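**Student:** here are the coordinates; sequence isn't available:
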């Protein structure tokens, strides 16, 4: 007897419906076809034990299972429940009158309990698009899938519950999530606050500008100056995520199984801080069966690279294209996947191998040649893609011992959000641009018009610092953000002058 059950496969951040056809006939044998990987091939052992421990069995007949489309590679253990229900329905051990109305996914344990799966959110979105009535999946993923409206989501703990549901012996409880309420309820601030940072007023100003315009930033300074402390507090001043951004972010984290159990939408902007031993595939994504990398997990948030020169050069170079395009495309012989990667890059580094500037009073000194060799580990094209370079100097004792608290993240965030609102209105007719850092050359020419004084100032800086055309655009973008923070429609010499100051690594004495 032939029965069809429906599951789903995730490629990139999109899902594809998989039809599992189970045919039971005379004879003996178990044949699973349709390009399953080893995890799926091993499922018959888990299914056999799970059914036996719940009073059912795999029939002693010839069972042929086809996973359609047959030319699409399927992977993972999330098809266990799909296959098990198909076998029971095909052998008439359960009633399955409305089996075609549901999408079923879940990994089975030997006692029949269900383990969480990856990609519940994109699968639920696809199920709704294709008109399925409901989605049956492990209870740990139920809230994540229930974000999708107009789809009945049933979280189950054991295969027995699913069997009883189709036999009309048990009613499963729907998981209902009010998406907007869930989202706004979780918009609390992170644990880190700029009020904890003593001194460093100039650096806080840089961070505020970077957050307001979505600019990439690099902090250069000796050990203990507060680079990491400042970077960790950057998400606390970024504008709250919109509902659309939260859905995008949750979708990516769902694909790699990083959404916490019993959690719906991710309301906090991600902050990722990979170790410098990371590989290029782990950073940008990929592998035999491509998965999102750290840059995609940082989408709509912050990617922090501490001790930038310690990263392998090949790892840093593969970031160049995603930093420009804000997405990364991974191509294989049979398919291509694209992951979004619109993130803020925050990098930190010491100015020399010893960790200190060329200062005779420093505990460990480095010669200018050693500093040059150390800094040259970072390529010029990558530095060009970082809008703001700023030196971080150690905080003096007087400020460290001062009991007064600095300006809080809440107050800074208000100014940042106001500047972002200014930019949203400016780019309201362009769906691909939301803030200044995303502007292309055409938009820079349109929105960053300079008067004669500003032009002359920028020309002098370009000639003295030998800046590239990309650095020229970066200065204009940063100046536009500084003007937005002041609520000014026009750029002035003061805005350009401040933006030029934030190109430390272009100045003589750094990279030559």
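**Tutor:** Nice, I can see it. From a predicted model like this one, the values you see are computed outputs, not experimental measurements.

**Student:** CA only for contacts and neighbour counts going forward, please
**Tutor:** Noted.

**Student:** Report how many residues lie close to residue 18.
**Tutor:** 20 (other CA atoms under 10 Å).

**Student:** Give me the three-state assignment for it.
**Tutor:** At residue 18 the chain is in strand, as set by DSSP: H, G, I helix; E, B strand; the rest coil.

**Student:** so it bridges to which residues?
**Tutor:** Assessed by DSSP bridges, residue 18 has beta-bridge partners residue 7.

**Student:** From residue 79, how far off is it?
**Tutor:** Counting by CA to CA, to the nearest Å, the gap from residue 18 to residue 79 is 10 Å.

**Student:** lowest-confidence helix or strand of this structure?
**Tutor:** The helix or strand of the chain with the lowest confidence, counting by mean pLDDT, DSSP states H and E, is helix 179-185 at a mean of 72.

**Student:** Sort out which residues of the helix or strand following that helix are buried, please.
**Tutor:** Heading C-terminal from helix 179-185, the first helix or strand you meet, by DSSP states H and E, is helix 201-213. By 16 or more other CA atoms under 10 Å, the buried positions in helix 201-213 come out as 203, 204, 206, 207, 208, 209, 210, 211, 212, 213.

**Student:** Report the contact partners of the first one.
**Tutor:** Okay, so that is residue 203. Residue 203 is in contact with 390, 392, counting by CA atoms under 8 Å, 6 or more residues apart in numbering.

**Student:** One more: residue 63?
**Tutor:** Counting by CA under 8 Å, 6+ apart, residue 63 touches 22, 23, 24, 25, 28, 29, 30, 31.

**Student:** Any of these buried? List them.
**Tutor:** Here, 16+ other CA under 10 Å leaves 22, 23, 24 buried among the contacts of residue 63.

**Student:** Let me know the closest of the residues you listed to residue 193.
**Tutor:** Residue 193 has its nearest neighbour among the buried ones among the contacts of residue 63 in residue 22, at 56.5 Å by CA to CA.

**Student:** residues in contact with the closest one?
**Tutor:** Residue 22 neighbours (CA under 8 Å, 6+ apart): 1-5, 63-66, 83, 86-87, 90.

**Student:** any idea what it is structurally, helix, strand or coil?
**Tutor:** strand.

**Student:** Spell out for me which residue occupies the centre of the protein.
**Tutor:** Centroid-nearest residue in the chain, with CA atoms, centre = their mean: residue 297, separated by 2.3 Å.

**Student:** For residue 233, see how far away that one is.
**Tutor:** Residue 297 is 18 Å from residue 233, by CA to CA.

**Student:** rewinding a little: can you pull the contacts of the residue nearest to the centre of the chain?
**Tutor:** By CA under 8 Å, 6+ apart, the neighbours of residue 297 are 249, 252, 253, 270, 272, 341.

**Student:** Now name the helix or strand holding the closest residue to residue 239 other than its chain neighbours.
**Tutor:** Among residues not flanking residue 239 along the chain, residue 417 sits closest, at 5.2 Å (CA to CA, 6 or more residues apart in numbering). Secondary structure from DSSP H and E places residue 417 in helix 409-426.

**Student:** Show me what that helix is packed up against.
**Tutor:** Under the contact definition 3 or more CA pairs under 8 Å, 6 or more residues apart in numbering; DSSP states H and E, helix 409-426 sits against helix 201-213, helix 469-485.

**Student:** contacting residues around that helix?
**Tutor:** Contacts of helix 409-426 (CA under 8 Å, 6+ apart): 193-195, 208-209, 211-213, 236-239, 434-436, 481, 484-485, 487.

**Student:** Would you mind checking these for buried ones?
**Tutor:** 193-195, 208-209, 211-213, 236-239, 434-436, 481, 484-485.

**Student:** my guess is residue 281 meets residue 287, correct?
**Tutor:** Yes. Counting by CA atoms under 8 Å, residue 281 does reach residue 287; the two are 6.7 Å apart.

**Student:** Buried residues of stretch 133-149, list them for me.
**Tutor:** Buried residues in stretch 133-149, counted by 16+ other CA under 10 Å: 133-148.

**Student:** Just give me how far it sits from the chain centre.
**Tutor:** 21 Å (CA atoms, centre = their mean, to the nearest Å).

**Student:** Looking at it now, give me its mean pLDDT.
**Tutor:** Averaging pLDDT along stretch 133-149 gives 94.

**Student:** Now the helix or strand just after the helix holding residue 417: buried residues?
**Tutor:** Under the assignment DSSP H and E, the closest C-terminal helix or strand after helix 409-426 is helix 441-447. For helix 441-447, burial by neighbour count (16+ other CA under 10 Å) applies to 444, 447.

**Student:** helices and strands around helix 441-447, which ones?
**Tutor:** Against helix 441-447 (3+ CA pairs under 8 Å, 6+ apart) you get helix 469-485.

**Student:** I'd like the next helix or strand past the helix it packs on.
**Tutor:** Helix 469-485 is succeeded, C-terminally, by helix 493-501 (DSSP H and E).

**Student:** Now do that following helix: which elements does it pack against?
**Tutor:** helix 452-465, helix 469-485.

**Student:** and the shortest one with helix 469-485, angle?
**Tutor:** Note on geometry: by axes from the mean of the first three to the mean of the last three CA atoms, to 10 degrees, helix 452-465 and helix 469-485 are set 140 degrees apart in direction.

**Student:** Count the residues that sit near residue 55.
**Tutor:** Neighbours of residue 55 (other CA under 10 Å): 8.

**Student:** Need phi/psi at it.
**Tutor:** phi 90, psi 20 (degrees, to the nearest 10).

**Student:** Please report how far it lies from residue 86.
**Tutor:** Relative to residue 86, and taking CA to CA, residue 55 is found at 16 Å.

**Student:** pLDDT score for residue 415?
**Tutor:** 95.

**Student:** Which pLDDT value goes with residue 186?
**Tutor:** Looking at residue 186, the pLDDT reads 61.

**Student:** no wait, residue 34
**Tutor:** Reported pLDDT for residue 34: 95.

**Student:** any weak-confidence spans in the protein?
**Tutor:** Applying pLDDT under 70 to the chain picks out residues 182, 185-190, 261-263, 357-362, 365, 506-512.

**Student:** Any idea how many residues pack against residue 176?
**Tutor:** 17.

**Student:** Could you pull up the residues touching it?
**Tutor:** Counting by CA under 8 Å, 6+ apart, residue 176 has contacts 143, 146, 153.

**Student:** sorry, back to before: please identify which of the contacts of residue 63 is nearest to residue 406.
**Tutor:** For the contacts of residue 63, the nearest to residue 406 is residue 22 (65.9 Å; CA to CA).

**Student:** partner residues bridging that closest one?
**Tutor:** residue 3, residue 65.

**Student:** any idea how far it lies from residue 136?
**Tutor:** Residue 22 is 19 Å from residue 136, by CA to CA.

**Student:** swap in residue 292?
**Tutor:** 25 Å.

**Student:** got it, and residue 458?
**Tutor:** With CA to CA as the criterion, residue 458 and residue 136 are 61 Å apart.

**Student:** Likewise for residue 99?
**Tutor:** With CA to CA as the criterion, residue 99 and residue 136 are 11 Å apart.

**Student:** And for residue 475?
**Tutor:** 52 Å.

**Student:** now residue 152
**Tutor:** 9 Å.

**Student:** In terms of neighbours, single out the busier of residue 281 and residue 287.
**Tutor:** Taking neighbours as other CA under 10 Å, residue 281 and residue 287 compare with residue 281 leading, 16 against 12.
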